[in-house]
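Visitor: Sequence first, predicted coordinates after that:
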Amino acid sequence: MILKNMMAVSRTLALLICILVFVVCRAVPNPETGKRVIDKPLSDEKHYGENEAHNTQYDHEAFLGEEEARKFDELSPEESKERLGKIVDRIDKDKDGSVTQEELKEWIQYTQNKYILDDINRQWETHNEEKKDTLDWETYKKVTYSFIDEDQNKDDDPDIKTYKEMMQRDKRRWTTADKNQDNQLSKEEFGDFLHPEEAPHMQDIVITETIEDIDRDGDGKISLQEYIGKYRM
Ligand SMILES: [Ca+2]
Ligand SMILES: [Ca+2]
Ligand SMILES: [Ca+2]
């Protein structure tokens, strides 16, 4: 229903979304969930479902952002049409009455950045109950991994073993994110910790974690089979 309205606003716009989303998806491999470095997909929906059927909800979320897309689901067709019209006005930066590919690209980047900023704010509040200016590792660990008793050796439990490994990787990333090395993360450093793909000084850790995710047999190399297995789209 929503996409119909979008097409009513502009058929060309819908086509551009498909092209752009396709281009972005091809550029950023979308490994299975569970890896620690996350390239936030444009939507949690699958772009193509069974038999390569096009999932319009994916475009919908890429275009509006997940939260905004949810709001649209609750609107009547008339209301969503009106609201989409207003959004198109915002996308059309030079106000010439049409949306160029560049304007649409900027809009999608804007919705992605907004997701990242919202996520940082949300997680900062969750982990920083005392509302301090900085966060230390022990506080973060207590909130995130409270269920792990490090003194008890339960490595025979595969879940606990996995969480312990995740915690060690988090600690390593935490140390890298601590740019001024005062053993505390400012909100900005915490943002780099959560979304290392956005920060230049975190690039090495992004590469290391990505290799670790793909290198399943742990020999330090990525075989063709490991690569294909991981990045099959
Ligand atoms: Ca324009
Ligand atoms: Ca710091
Ligand atoms: Ca390997």
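Guide: The structure has been received and is ready for your questions. Numbering: from 1, shown residues only. Ligands and ions are numbered 1, 2, ... in the order given.
Visitor: alpha carbons only for contacts and neighbour counts from here, please
Guide: Fine.
Visitor: for ligand 3, what are the nearby residues on this protein?
Guide: 215, 217, 219, 221-222 (C-alpha under 5 Å from the ion).
Visitor: Considering those, which is situated nearest to ligand 2?
Guide: Closest approach between the residues of the chain next to ligand 3 and ligand 2, by C-alpha to the ion: D215, at 30.9 Å.
Visitor: Phi first, then psi, for the closest one.
Guide: phi -80, psi 80 (degrees, to the nearest 10).
Visitor: which residues does the spatially closest residue to it that is not a sequence neighbour contact?
Guide: Excluding its sequence neighbours, the residue lying closest to D215 (C-alpha to C-alpha, 6 or more residues apart in numbering) is I222, at 5.4 Å. Neighbouring residues of I222 by C-alpha atoms under 8 Å, 6 or more residues apart in numbering: 211, 214-215.
Visitor: Output the residues you listed as TSV; include the columns pLDDT.
Guide: What follows is those, written out as TSV (pLDDT from 0 to 100):
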residue	pLDDT
I211	93
I214	92
D215	93
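Visitor: Scan the residues you listed and report the most crowded one.
Guide: The most crowded member of the contacts of I222, judged by other C-alpha atoms under 10 Å, is I214 (22 neighbours).
Visitor: that older thread, if you look at the residues of the chain next to ligand 3, which of them are in helices?
Guide: Assigned to helices by DSSP state H, none of these qualify.
Visitor: Turn the residues you listed into a markdown table, columns for distance to N121.
Guide: Formatted as a markdown table, these follow (distance: C-alpha to C-alpha, whole Å):
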| residue | distance to N121 |
| --- | --- |
| D215 | 33 |
| D217 | 37 |
| D219 | 38 |
| K221 | 37 |
| I222 | 36 |
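Visitor: Okay, K105 and D178: tell me how far apart.
Guide: Going from K105 to D178 by C-alpha to C-alpha, to the nearest Å gives 32 Å.
Visitor: I'd like to know which elements the strand or helix carrying K142 is packed against.
Guide: Here K142 sits within helix 137-144, counting by DSSP states H and E. Counting contacts by 3 or more C-alpha pairs under 8 Å, 6 or more residues apart in numbering; DSSP states H and E, helix 137-144 packs against helix 101-127, helix 158-177.
Visitor: run the last query once more with 10 Å
Guide: For helix 137-144, the packing partners by 3 or more C-alpha pairs under 10 Å, 6 or more residues apart in numbering; DSSP states H and E come out as helix 101-127, helix 158-177, strand 184-186.
Visitor: Out of those, which one sits most buried?
Guide: Scoring the helices and strands packed on helix 137-144 by mean neighbour count under mean count of other C-alpha atoms under 10 Å gives strand 184-186 as the most buried, with a mean of 21.
Visitor: hang on, the earlier thing: list just the nearest of the residues of the chain next to ligand 3 to E129.
Guide: Using C-alpha to C-alpha, D215 is the member of those that lies nearest E129, at 37.3 Å.
Visitor: List the residues that contact the closest one.
Guide: 209, 221-223, 225-227, 230 (C-alpha atoms under 10 Å, 6 or more residues apart in numbering).
Visitor: Where is pLDDT lowest across these?
Guide: pLDDT across these is lowest for K230, at 63.
Visitor: Output the below-cut-off pLDDT ranges for the chain.
Guide: By pLDDT under 70, the low-scoring segments of the chain are 1-42, 44, 48-52, 60, 150-155, 230-233.
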